[in-house]
Structure formats: structure tokens, C-alpha cells
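Participant: sequence plus predicted model, see below.
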Amino acid sequence: MDNLDLQVLQQARQWRTAGHAVWLVTVIETWGSAPRPPGALLAVRDDAQVVGSVSGGCVEDDLIDRVRRQERVVRPALMTYGVTKEEAARFGLPCGGTLRLVQEPLGDTGWIDEVLDRTARHELVARVLDLDTAAVTIEPAARGEAFTFDGRRLRALFGPRWRMLVIGAGQLSRAVAQMALMLEFEVIVCDPREEYHQSWDVAGTTFSTAMPDDLVTELQLDPHSAVIAVTHDPKLDDLALLEALKSPAFYVGALGSRLNTARRKERLALFDLSAAEIDRLHGPVGLDLGSRTPAEIAVSIVAEVVAVRNGVTLQQKKVGSAAPPPGAGCAVPAR
């Protein structure tokens with residue numbers, strides 16, 4: 001489940017509270033090149049306003065038209081798009097893709113309150129919808145589970161928001177934070193140095209002046225958390241890394257050259273960290289993009305975080321893409 005689906009629930013709740021009729025649409029099954037995965041959500045309001053996506057724009061217009069034509073379901077109902085090549089072409093589904101959806105009227109929003117409250121506490125939960133009774137229940141879920149539908153019961157996962165803790169509040173941190181916010185991370189910046197606190201002004205982030213190791217402990221990092229240390233000050237960076245490397249955080253990285261990284265690992269080995277925990281450290285942090293400016297370095301860092309989060313093998317180029325010849329680039333031809 002991604003953050004877009006949580007935003008759909010938030011908006012649907014607001015619409016319902018304001019007195020609108022609202023319908024939720026959930027992707028339950030896809031074939032072919034359907035762009036949205038099972039569990040993806042969309043909400044349609046009674047005046048045809050919409051939030052979210054179930055097909056990347058292919059079938060949303062038809063769903064809106066159904067609401068406008070008063071073809072509004074009163075109980076959870078199955079819908080299928082793209083059964084034939086003609087239908088797939090009509091709805092713009094790529095490569096003959098097919099979508100199966102569940103459309104349901106949104107009644108009581110208490111279950112949305114529970115999902116939003118529990119995910120805000122960094123819990124992973126499942127919403128279970130019984131199509132026969134329209135009953136909704138919220139259950140605990142575990143990492144590794146997936147969306148399921150057995151013909152009657154739909155079980156969709158809602159997980160905590162991805163978090164990024166950045167140690168240090170310099171120019172590089174500013175660029176990293178801005179990019180992470182665009183990727184819908186919750187961004188927390190930690191720097192106990194007063195001069196950095198006073199100049200920090202990135203809207204949408206949380207700033208802490210606590211000591212980094214104390215904050216890492218306080219946050220109770222989970223598998224949806226990333227930690228990036230960029231102060232260049234071992235007294236701050238190493239303190240955070242000592243705690244972060246023992247946590248379930250999916251990514252822990254630190255800025256520095258190969259030599260500085262080797263020295264850092266030697267220092268970390270003096271404390272109560274195992275070799276396996278030290279090996280979790282991404283350092284030098286980021287992908288090798290030949291980065292020089294703070295913005296370029298931030299791109300390399302955030303790209304590596306996303307790759308690790310998505311579980312893909314880190315590589316410089318996609319398989320099958322051609323490498324440029326030596327010296328190639330954006331040089332201006334001589335006149």
C-alpha cells in the first residue's frame with residue numbers, strides 16, 4: 001500500500017463528514033500491463049469529484065460517468081474492465097490489460113479513523129471487507145503479507161508512512177529533505193547545533209535539537225524508516241549510526257569518502273555492534289553518479305534509498321541500455 005491510498009481515505013472521510021455520498025473503488029485483480037496494483041484505491045464523490053487512481057486514468061472517466069448517470073451501487077459490487085480487445089482499447093488499457101474492481105458505498109467512516117490512527121502510530125494493519133454483508137473490520141498485519149481476495153473477502157494492507165531521519169541540517173540535508181518530501185516520506189531532521197536550527201526553513205519537515213542517538217531511540221525505528229547521517233561530525237553521525245544499525249530500519253547511510261567510511265567502521269567496531277550490523281551501513285552513501293553539487297549528491301542518496309526500499313538490485317544502468325562512449329556527454333559542438 002502506498003501513501004496515495006492513505007490520502008484517498010483521508011479525502012473520502014472529509015467528503016463523507018461534509019455530507020456527500022462517496023464510493024470507494026479497489027483494484028482486486030489485474031492481467032496484462034495494468035498500471036495500478038491490487039489494493040489501489042480511488043474515491044468518487046456524488047458530484048463526480050475524484051481522488052486516487054485504479055488504472056492511471058484509463059477507466060476513471062467511466063466510473064465518474066456511472067455516478068453522473070445515477071448508476072450508483074448500494075452494496076459492494078464487482079466490476080471488470082477490458083475483457084475483450086475492444087474493451088481494452090476503449091478504456092485505454094495497455095497491452096490488452098484487464099482490471100477487476102470492487103465498488104462500494106462509503107457509510108460509517110469509523111474504520112477509516114482506525115486505519116489512519118494506527119498507521120500514524122507506525123502499525124501495519126489490514127482492512128477486511130465482506131462483500132456479502134458489507135461489513136468492514138480492521139486486523140493486525142505482518143510484513144510480507146499481500147493483498148488478497150477470495151471471491152467474498154477483500155483484505156487490503158495499510159502500512160505506516162515511510163520515514164526519513166536526516167542527521168545534520170546543512171545545504172545537502174535541505175536538498176535531501178525536499179526530494180524526500182516529494183516522494184511522500186515523513187522527514188525528520190536532527191541537529192543539536194543552534195546555528196543550524198535557526199536557519200532551517202524547509203516546510204513540511206520536523207526539526208529536532210535532541211542528541212541524534214536519543215532521537216533514534218525515541219523514534220523506535222521500524223522497517224519503514226531510513227536514517228542518513230551527513231554532518232561530517234563523528235560525534236553526531238556515529239552516535240546516530242550506533243543506534244540505527246541495531247534497529248530494523250531498512251536503510252542506514254552516512255556521507256563520507258571511502259577512507260572515512262573505513263575509519264568509521266573501525267570506530268563502530270569498538271562498540272556493541274556485530275560485523276553483520278556494521279555491514280548494513282551504506283557508505284559512501286548514495287549511488288555513484290559522479291555527483292558534485294549538493295543537489296546532485298542528494299539525487300544519488302535519495303535514489304539509493306528508493307532502490308533499497310523497492311528491493312531492487314543496485315546498478316548504474318538498466319539492463320540493455322547502451323553505455324555512452326568515453327568522453328560523451330552534453331558538450332557543446334565547436335562552431
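Facilitator: Yep, that arrived.
Participant: now Gly283. Nearest residue, chain neighbours left out?
Facilitator: Distances taken as Cβ to Cβ, 6 or more residues apart in numbering put Thr261 closest to Gly283, at 3.8 Å, once the chain neighbours are dropped. From N, CA and C alone the C-beta is placed, and that goes for glycine too.
Participant: for that neighbour, give me phi and psi.
Facilitator: Per-residue torsions, Thr261: phi -70, psi -40 (degrees, to the nearest 10).
Participant: ditto for Gly151
Facilitator: Here Gly151 shows phi and psi, under degrees, to the nearest 10, equal to phi 100, psi -20.
Participant: next one: Leu157
Facilitator: Phi and psi for Leu157, reported as degrees, to the nearest 10, are phi -90, psi 140.
Participant: Trp200 too?
Facilitator: phi -80, psi 130.
Participant: what does the one 4 residues further on give?
Facilitator: Gly204 has phi and psi values of phi 90, psi -10 when expressed as degrees, to the nearest 10.
Participant: count of residues packed around it?
Facilitator: 12 (other Cβ atoms under 10 Å).
Participant: check contacts around it.
Facilitator: Going by Cβ atoms under 8 Å, 6 or more residues apart in numbering, Gly204 touches Leu181, Val187.
Participant: ok so Ile28 is a strand residue?
Facilitator: Yes: residue state for Ile28 (DSSP: H, G, I helix; E, B strand; the rest coil) corresponds to a strand.
Participant: now do the helices in this structure.
Facilitator: Under the criterion DSSP state H, the chain contains helices at 3-17, 60-68, 85-91, 110-120, 171-182, 194-199, 212-219, 234-244, 258-268, 275-279, 294-310.
Participant: rewinding a little: list the residues that contact the residue nearest to Gly283.
Facilitator: By Cβ under 8 Å, 6+ apart, the contact set of Thr261 is Ala254, Leu281, Gly283, Pro284.
Participant: and what of Val50?
Facilitator: With Cβ under 8 Å, 6+ apart, Val50 has these contacts: Leu42, Ala43, Val44, Glu60, Leu63, Ile64.
Participant: where is pLDDT lowest across the residues you listed?
Facilitator: Lowest in pLDDT among the contacts of Val50 is Glu60, which has 82.
Participant: state the number of residues packed around that residue.
Facilitator: Glu60 sits with 18 neighbouring residues when counted by other Cβ under 10 Å.
Participant: about what we covered before: which stretch in the helices of the chain is the model least sure about?
Facilitator: Sorting the helices of the chain by mean pLDDT places helix 85-91 lowest, at a mean of 60.
Participant: would you mark the buried spots in stretch 295-311?
Facilitator: Ile297, Ala298, Val299, Ser300, Ile301, Val302, Glu304, Val305, Val306, Val308, Arg309 (16 or more other Cβ atoms under 10 Å).
Participant: using JSON lines, lay out those together with distance to Leu154.
Facilitator: Output for the buried residues of stretch 295-311, formatted as JSON lines (distance: Cβ to Cβ, whole Å):
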{"residue": "Ile297", "distance to Leu154": "43"}
{"residue": "Ala298", "distance to Leu154": "39"}
{"residue": "Val299", "distance to Leu154": "38"}
{"residue": "Ser300", "distance to Leu154": "40"}
{"residue": "Ile301", "distance to Leu154": "38"}
{"residue": "Val302", "distance to Leu154": "34"}
{"residue": "Glu304", "distance to Leu154": "35"}
{"residue": "Val305", "distance to Leu154": "31"}
{"residue": "Val306", "distance to Leu154": "29"}
{"residue": "Val308", "distance to Leu154": "30"}
{"residue": "Arg309", "distance to Leu154": "26"}
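Participant: nearest to Ala21 among the residues you listed?
Facilitator: Within those, the smallest distance to Ala21 is 36.8 Å, found for Arg309 (Cβ to Cβ).
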